[in-house]
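Q: here are the coordinates; sequence isn't available:
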C-alpha cells in the first residue's frame, strides 16, 4: 500500500518515504509512527496509543515521544509551528490532518512486495513465530538443499509446541531470496518473532548460525552457531534442530514476560495473566506461588476452558506441596488434582499441559503410573522440550532408575542451559547421582541448583543427604539448618507421606541419610 499526501508518498511494503522521486532518510521508528498516524487519521491518537502500538508497550520518556513526533514532522516538511500535516490537540494527543490522494497497491514494485493485497493480520493471543528460509552462504548450490531442509525440520519441530503459533512453510518461504526488513515480515505475516539463519561450508566443515528476532523492534533475542563435518550431515541436521527448537521456547517465554512488564494492567487478557502466573511461579516463594494460582484463576474467569492456566495452577499446588507450604492440604491437593485432570481432558496433545499434569500426579496424587504416562506422552509430543525431559528424568530417578534418569536429565541440561527451571533439572541430576551412590556428583549438582534457586527445599534435602553419605556431617547439618528455615516443621515422619511415590529402596536410603544429617524423626 502506498499513501500519497502533499509532495510525499509512503510505501508501506517497502517501508520507504519519498518526496517526489527522492528518498527521504527516516528512522524506522519514526516511519512506524507516521504510518500509524496516517492509518488512524480519522481520530486523535493519544500518547498511550503511541506507546502501545509504536513502542509496543515499552515505557518511554516524554522527551523521547516529543523528539519522534518532531522527527516525523520534519520528514514530511512540517513543523510544530505550522502543523499542516500533523496537528497537536491540546491535552488529547495528535492527529494526521493531511489530505490523502488515492492510496494504491505497490504489488507491481518487484521483489519488495510480498503480500501487498492482504491486510496486516493481527498478532495472535500467544507467541507467534515465522521460520524464514535459511541463507546458503557457501557458494555451493548443493548446500541449498541442506539450508532449506534445516528450516523445514525446525519449522516442523516447532509446530509441535502448542504454546507457539507457527506460520506455515508456504507463507514464510515466500521470502526466499528476498532482502526485506524483518519488521516488515513480522507485520505482513502477523508474527511477533522471526527465526532466521545461514549455512556456510568450508572444506569438510559445515557451520550453521541461527538468530531469534523480535519482529516488532528488530532486537535480537537469542543467537547461536553450530559446527559439524559434512560427512555426518543428517546427524548434524538432527543435532542442530533439537538444539534450536529447545532454545526457542524458553527464550520466547522470557521475552514475552519482559514485554508484559511494560503493558498496562487494564489491558491484560487470559494469556497475559498466564504469563504473570509463570513469572510468579519462577520465584518459588509461598507468596509467589499463591499469586501465580490467583493469576491462573483470573485467566480462567476470562476463559473457563484455558487448559494451560489449569495445568499451571495444578503445578503450583504441587510445588507448594513439595515445599510443605499447603495450609489446607486436603482441599488444595484435591483442587490441584482436579485442575490437572481437567487440563489433560481439554488438551491431550499439549506437551506443556502434560508435563505439568505429570508433576501434579507425582506430587499430589502420588500416582507413579499416571505421572510416568503423562511425562512420556509429553516427551513424545515434543521430544526437544527440556522441561519434559527433566520431568521424565525426575520420575525415573525416584522410581530407582538412575541410569535412565541421567540420560533424560543431562540431555535436558544440554538442550536448554537458559531455561528458567534449570535449577529443577540440576536438582534432578543430583538426585539421580545420589540414588546411584555417586555422592560427590550429587553434591556438585545440588550446589549448582541452589546457586540458581536457594529456596529449593528439595535441593537442600538432597544436598544434606549426599553430604551425610560422604561423612561430612558438619556441612550436612548446615544444609539441614537452611532447610528448616524453609520447612520449619519438617521431620522424617512428616516427609514420608509426601514422598510416597518414591521406590521403597530410594526412600529407605534417603531417609537414613537425612537422619544421619540431623533431620529429626
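A: The structure has been received and is ready for your questions. All figures in this text were calculated on a predicted structure; none of them were measured in a lab.
Q: let me know the secondary structure of residue 475.
A: Here residue 475 is helix, with the state taken from DSSP: H, G, I helix; E, B strand; the rest coil.
Q: gap between it and residue 212?
A: Distance, residue 475 to residue 212, using CB to CB, to the nearest Å: 42 Å. The C-beta positions use only the backbone N, C-alpha and C, and glycine is treated the same way.
Q: tell me which of those two has more neighbours.
A: A direct count of neighbours by other CB atoms under 10 Å for residue 475 and residue 212 places residue 212 higher, at 22 against 17.
Q: for the more buried one, list the residues it contacts.
A: 193-195, 220-223, 247-248, 251-252 (CB atoms under 8 Å, 6 or more residues apart in numbering).
Q: how about 7 Å then?
A: Neighbouring residues of residue 212 by CB atoms under 7 Å, 6 or more residues apart in numbering: 193, 195, 221-222, 248, 251.
Q: with residue 143 instead?
A: The contact partners of residue 143, taken as CB under 7 Å, 6+ apart, are 136, 199, 201.
Q: okay, it: pLDDT?
A: According to the prediction, residue 143 has pLDDT 71.
Q: also residue 114?
A: So residue 114 comes in at 38 (pLDDT).
Q: tell me the helix or strand right after the least confident helix or strand in the chain by mean pLDDT.
A: Ranking every helix and strand in the chain by mean pLDDT, DSSP states H and E puts strand 100-104 at the bottom, with a mean of 65. The helix or strand immediately downstream of strand 100-104 is strand 128-131, counting by DSSP states H and E.
Q: contacting residues around that next one?
A: Contacts with strand 128-131, where a contact means CB under 7 Å, 6+ apart, come from 151, 154-155, 158, 164-167, 172, 185, 189-195.
Q: now do the strands in the chain.
A: 2-5, 8-11, 16-19, 22-23, 86-89, 93-96, 100-104, 128-131, 135-136, 165-166, 193-202, 205-214, 220-229 (DSSP state E).
Q: which other helices and strands does the last one contact?
A: Where contact means 3 or more CB pairs under 7 Å, 6 or more residues apart in numbering; DSSP states H and E, strand 220-229 is packed against strand 205-214, helix 233-261.
Q: chain center to the first one, what's the gap?
A: Between the mean C-alpha point of strand 205-214 and the mean C-alpha point of its chain there is a distance of 18 Å (CA atoms, centre = their mean, to the nearest Å).
Q: and the angle from that strand to helix 233-261?
A: 20 degrees (axes from the mean of the first three to the mean of the last three CA atoms, to 10 degrees).
Q: against residue 254, how distant is residue 389?
A: 19 Å.
Q: please read the previous query as pertaining to residue 206.
A: 29 Å.
Q: kindly report the same for residue 190.
A: For residue 190, the distance to residue 254 - CB to CB - is 22 Å.
Q: same check on residue 208?
A: For residue 208 relative to residue 254 (CB to CB), the value is 23 Å.
Q: so the two - more neighbours on which side?
A: Each of residue 208 and residue 254 has its neighbours counted (other CB under 10 Å); residue 208 has more, 24 against 18.
Q: list the contacts for that one?
A: If you count contacts by CB under 7 Å, 6+ apart, then residue 208 has 150, 197, 199, 225-226, 240 around it.
Q: redo those residues as TSV? Include pLDDT.
A: Listed next are the contacts of residue 208 as TSV, based on pLDDT from 0 to 100:
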residue	pLDDT
150	80
197	87
199	83
225	86
226	83
240	81
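Q: can you list the weak-confidence ranges in the stretch 101-250 of the chain?
A: Residue ranges of the stretch 101-250 of the chain with pLDDT under 70: 102-120, 142, 233.
Q: what about 50?
A: 105-118 (pLDDT under 50).
Q: the chain now?
A: For the chain (pLDDT under 50), the answer is 105-118.
Q: rerun at 70
A: For the chain, the stretches with pLDDT under 70 are 56-60, 102-120, 142, 233, 262-267, 417-419.
Q: how is it divided into domains?
A: 2-104, 120-261, 386-521 (automatic domain parsing).
Q: Throw the ones you listed into CSV and include distance to residue 340, thanks.
A: Putting those into CSV (distance: least, CB to CB, whole Å) gives the following:
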stretch, distance to residue 340
domain 2-104, 33
domain 120-261, 16
domain 386-521, 13
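Q: quick one, which of these is packed in tightest?
A: domain 386-521 (a mean of 20; mean count of other CB atoms under 10 Å).
Q: quote the end-to-end distance of that domain.
A: Distance across domain 386-521, first residue to last, is 36 Å (CA to CA, to the nearest Å).
Q: need the contact partners of stretch 288-302.
A: Stretch 288-302 has contacts (CB under 7 Å, 6+ apart) with 269-270, 273-274, 276-277, 280-281, 306, 309-310, 312-313, 316, 319-320.
Q: hang on, I meant stretch 496-510
A: With CB under 7 Å, 6+ apart, stretch 496-510 has contacts from 321, 362, 366, 368, 398-400, 435, 465.
Q: now, among these, which is nearest to residue 454?
A: Nearest to residue 454 among the contacts of stretch 496-510 is residue 465, at 17.7 Å by CB to CB.
Q: quick check: the nearest residue to that closest one once chain neighbours are set aside vs residue 435, distance?
A: Excluding its sequence neighbours, the residue lying closest to residue 465 (CB to CB, 6 or more residues apart in numbering) is residue 513, at 3.6 Å. Distance, residue 513 to residue 435, using CB to CB: 11 Å.
Q: buried only: go through the contacts of stretch 288-302 for me.
A: Burial by neighbour count, judged by 16 or more other CB atoms under 10 Å, picks out 270, 273-274, 276-277, 280-281, 306, 309-310, 312-313, 316, 319-320 from these.
Q: nearest spatial neighbour of residue 94, skipping sequence neighbours?
A: Distances taken as CB to CB, 6+ apart put residue 88 closest to residue 94, at 5.3 Å, once the chain neighbours are dropped.
Q: nope, residue 273 is what I was after
A: Nearest non-adjacent residue to residue 273 (CB to CB, 6+ apart): residue 299, at 4.0 Å.
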